[in-house]
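Asker: here is a sequence with its predicted model. Questions after.
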Amino acid sequence: MISGLWNGISGLNTFEKALSVQSNNVSNSNTIAHKSDVISFEDMMYQSRYGKGVSVQSVEKNFEQGSIKITNNSLDVAIEGDGFFVVSDPSNPDNNYYTRAGNFKIGTDGTLQTTESNKILGSSSTISNIVSSDGTTEFNSNYTKNIGSQLISGNTSYLSINAKSTDYTQSAVESGVSGSGLLTASGKISNINALITDYNKKLDIFSSSPDSPSVASTSQVSQVNFSNFATELQDDGSYIELYAGSNLVRQYFDTDVQTTMNKFADKVSNLEGLSGTVDSNGLLTITNLIPGDDARITGPSINDNGYSVNEITSAVVGSGQAMVNSSRDALKTALESADAKFLEMTNKIENNDTLTLGQLQLKLDNLNISEDSSGTLSIENGLIYSKDGDNTFLVGKLETVNTYNPESLMAVGNNLYATTSETGEMKNADNINKVTGGALELSNTSLSDDLVDLMVYQRAYEASSKSITTSDEFLQTAIQLKK
């Protein structure tokens, strides 16, 4: 009878705890990324084959994936798969915490934070390269022309490459010497536009194959030796010509033979993407300003006398970063010849398994990217970007971690977990999950199952209380018999 009382009391204690677990699950059914608790029971010691009641064996977290809800909020992010975000509590910076709740905000100091103002840790980008005409290191208000912007994700690093220039359409003027690369203002603008197109084309190629070998582009250089020009260009009816692609370049005799040759070279120079020079011996050199482009120089002749084309340097497109750099350098030279300034900035995050975590600074002015810090943030595949006008900058990367024993993590409230002695080392988990921006993971609580369990535990609690009252009645009867 005393054993029956004890068994009933153990049932009351155990199922009271079970009710607390299930009610907590139910109350957190709408909590972002809440992981439900699973309670397990065990019977207590036996004596003479009589059991001594029940107790709680364990209460563990169920880390099964919750449903993903699309919110389109730029600072919402969800982990699809295993892993946790890393959180630092400013009041206890020596210990990191872990969470799957991705409803983040930007703090007044420009860092990414939880709703409780704990700092989210990750990898911030660095400015790995700046190419500038005059030493400028940020896109100030003088840089009004957007040249290109590309995001590149490779096996070893993530990059954002952005380029701008001052207004070359206003600064370009005619310059040069006839016969030695004389260019009109419109010719300079045309070359720059062609080189901008090539630069963006090379960025697209690099983005699609970021891990290709780095091979520089080469520019095509062709020569035609008009050795008989002095005797064949004698009157107004004589002319010199060639084809550059589908463009016919023809110059009729003008003033004298050297003037005619110089004007012929000038016409070549004012074709988009080409530069022509000629010397006093009639040697015409045509340089393709667009690296890797084949201009196809054909049909050179004076009147009906044909000449051969000697390709001094063949065009090679190249690949990888060096290909982009070749195109950029050619564009920079063309812009500077138009008295414009060029600025390219590359932001980089190394992609490796070594976790070097820090606070994610999200303000553009903190990164020395722009004098205007009002960029619009977005998160794609865990990478944080800031869009400033037509340019998109790589700002940082949300790092995720995991352990072989996530059930050992201890819930400490506010959707945070702390490690225990059984957790082991937290390791990079980026390769086992997908981090989705504009979405949140919902609670994995199953209301139907939890409500059923609540009723079961309620009945078990009532039955335990009944066993106590029954044992008490037995005990009272025994006492009365003793009297």
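Answerer: Looks like it arrived, so ask away.

Asker: so for the top helix by length along the chain, what gets flagged as buried?
Answerer: As assigned by DSSP state H, the longest helix anywhere in the chain is helix 447-482. The neighbour-count check on helix 447-482 (16 or more other Cβ atoms under 10 Å) flags Asp450, Asp453, Leu454, Tyr457, Ala460, Tyr461, Ser464, Ser467, Ile468, Ser471 as buried. Using the backbone N, CA and C atoms, a C-beta is placed for each residue, glycine as well.

Asker: let me have the residues you listed in CSV, extended by pLDDT and distance to Asp109.
Answerer: Shown next, in CSV, are the buried residues of helix 447-482 (pLDDT from 0 to 100; distance: Cβ to Cβ, whole Å):
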residue, pLDDT, distance to Asp109
Asp450, 82, 40
Asp453, 83, 44
Leu454, 83, 44
Tyr457, 82, 47
Ala460, 78, 52
Tyr461, 80, 50
Ser464, 72, 54
Ser467, 76, 60
Ile468, 76, 58
Ser471, 71, 63
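
Asker: which residues of the chain score low on pLDDT?
Answerer: 1-3, 352-356, 361-375, 472, 482-483 (pLDDT under 70).

Asker: what's the domain layout of it?
Answerer: 2-66+444-482, 68-128+341-441, 167-337 (automatic domain parsing).

Asker: just so I know, which of these lies nearest Ser141?
Answerer: Evaluated over these, closeness to Ser141 peaks at domain 68-128+341-441, with 7.1 Å, by Cβ to Cβ.

Asker: ok so, going back, need the domains of the chain in TSV with distance to Ser153, can you?
Answerer: Below are the domains of the chain laid out as TSV (distance: least, Cβ to Cβ, whole Å):
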stretch	distance to Ser153
domain 2-66+444-482	24
domain 68-128+341-441	7
domain 167-337	7
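
Asker: how about the residue nearest to Gly102 when sequence neighbours are not counted: which residues does it bridge to?
Answerer: Among residues not flanking Gly102 along the chain, Val77 sits closest, at 3.8 Å (Cβ to Cβ, 6 or more residues apart in numbering). Applying DSSP bridges to Val77 gives these bridge partners: Gly437.

Asker: for Thr137, find the nearest of the domains of the chain.
Answerer: Thr137 lies closest to domain 68-128+341-441 among the domains of the chain, at 6.1 Å (Cβ to Cβ).

Asker: strands along the stretch 151-300 of the chain, start to end?
Answerer: According to DSSP state E, counting those that start in this stretch, the stretch 151-300 of the chain carries its strands in the segments 157-165, 221-225, 239-244, 247-252, 274-278, 283-288, 297-302.

Asker: could I get those strands as TSV with mean neighbour count?
Answerer: Shown next, in TSV, are the strands of the stretch 151-300 of the chain (neighbours: other Cβ atoms under 10 Å):
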stretch	mean neighbour count
strand 157-165	23
strand 221-225	19
strand 239-244	21
strand 247-252	16
strand 274-278	24
strand 283-288	22
strand 297-302	18
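
Asker: make CSV from those strands and add distance to Asn310 to it.
Answerer: Shown next, in CSV, are those (distance: least, Cβ to Cβ, whole Å):
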stretch, distance to Asn310
strand 157-165, 35
strand 221-225, 5
strand 239-244, 13
strand 247-252, 18
strand 274-278, 14
strand 283-288, 10
strand 297-302, 10
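
Asker: of those strands, which is nearest Lys188?
Answerer: Ranking these by their distance to Lys188 (criterion: Cβ to Cβ) puts strand 274-278 first, at 11.1 Å.

Asker: I'd say Ser157 and Asn347 touch.
Answerer: No: between Ser157 and Asn347 no contact is recorded; they are 10.4 Å apart, counting by Cβ atoms under 8 Å.

Asker: measure stretch 111-130 end to end?
Answerer: Stretch 111-130 stretches 25 Å from its first residue to its last (Cα to Cα, to the nearest Å).

Asker: before we move on, the earlier item: count the neighbours of the residue nearest to Gly102 for me.
Answerer: 26 (other Cβ atoms under 10 Å).

Asker: could I get the contacting residues of it?
Answerer: Gly102, Phe104, Ile379, Gly382, Leu398, Val435, Thr436, Gly437, Gly438, Ala439, Leu440 (Cβ atoms under 8 Å, 6 or more residues apart in numbering).

Asker: of those, closest to Pro213?
Answerer: Nearest to Pro213 among these: Gly382, at 27.3 Å, using Cβ to Cβ.

Asker: burial count for that closest one?
Answerer: 22.

Asker: mind listing what the nearest residue to it once chain neighbours are set aside touches?
Answerer: Leaving aside its sequence neighbours, Gly382 sits nearest to Val435 (Cβ to Cβ, 6+ apart; 3.5 Å). By Cβ under 8 Å, 6+ apart, the residues touching Val435 are Val77, Ala78, Ile79, Glu80, Ile379, Asn381, Gly382, Leu398, Thr400.
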